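Trainee: missing the sequence, but the structure's below:
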């Protein structure tokens, strides 16, 4: 079974290596998707893959890399689209 979740991560999450952190976390767990900065200072992340692996990346995203300060993570469930890799946007 494959799940897809769209996250919006709030806090100090830009200019701290957050997207690269998420990419490494996702790739090491076989999760596809993407991470991109938004104009409002948040980071938007799409994760698609095995439910346990996606949940693991979600948990890592709540912490972030050193230098980040995550204040909230909004999560939306979506229909999987069959993406196969992870990219930084």
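Mentor: It's in. Source: prediction; values computed, not measured.

Trainee: per-residue pLDDT, residue 58?
Mentor: Residue 58 carries a pLDDT score of 98 in this model.

Trainee: over to residue 1?
Mentor: You'll see residue 1 listed with a pLDDT of 92.

Trainee: how many residues are close by it?
Mentor: By other C-beta atoms under 10 Å, 6 other residues sit near residue 1. All C-beta spots, glycine's among them, are computed from the backbone N, C-alpha and C.

Trainee: list the contacts for it?
Mentor: The neighbours of residue 1, taking C-beta atoms under 8 Å, 6 or more residues apart in numbering as the test, are 50, 51.

Trainee: any idea how far it is from residue 54?
Mentor: With distances taken as C-beta to C-beta, to the nearest Å, residue 1 is found 11 Å from residue 54.

Trainee: and for residue 7?
Mentor: Using C-beta to C-beta, one gets 10 Å for the distance from residue 7 to residue 54.

Trainee: now do the shared contacts for the two.
Mentor: If you check residue 7 and residue 54 against C-beta under 8 Å, 6+ apart, the residues they both contact are residue 47.

Trainee: residues of stretch 22-37 that come out buried?
Mentor: 22, 23, 25, 26, 29, 31, 32, 33, 34, 35, 37 (16 or more other C-beta atoms under 10 Å).

Trainee: ok, residues contacting the host helix or strand of residue 73?
Mentor: Secondary structure from DSSP states H and E places residue 73 in strand 69-78. The list of residues contacting strand 69-78 from outside it, by C-beta under 8 Å, 6+ apart, reads 3-13, 46, 58, 61-64.

Trainee: each with direction, which strands does it pair with?
Mentor: strand 3-12 (antiparallel) (DSSP bridges).

Trainee: tell me the mean pLDDT over the following helix or strand past the partner strand?
Mentor: Sequence-wise, the next helix or strand downstream of strand 3-12 (DSSP H and E) is helix 18-28. Per-residue pLDDT values over helix 18-28 give a mean of 97.

Trainee: can you name the residues bridging to residue 35?
Mentor: Going by DSSP bridges, residue 35 forms beta bridges with residue 45, residue 88.
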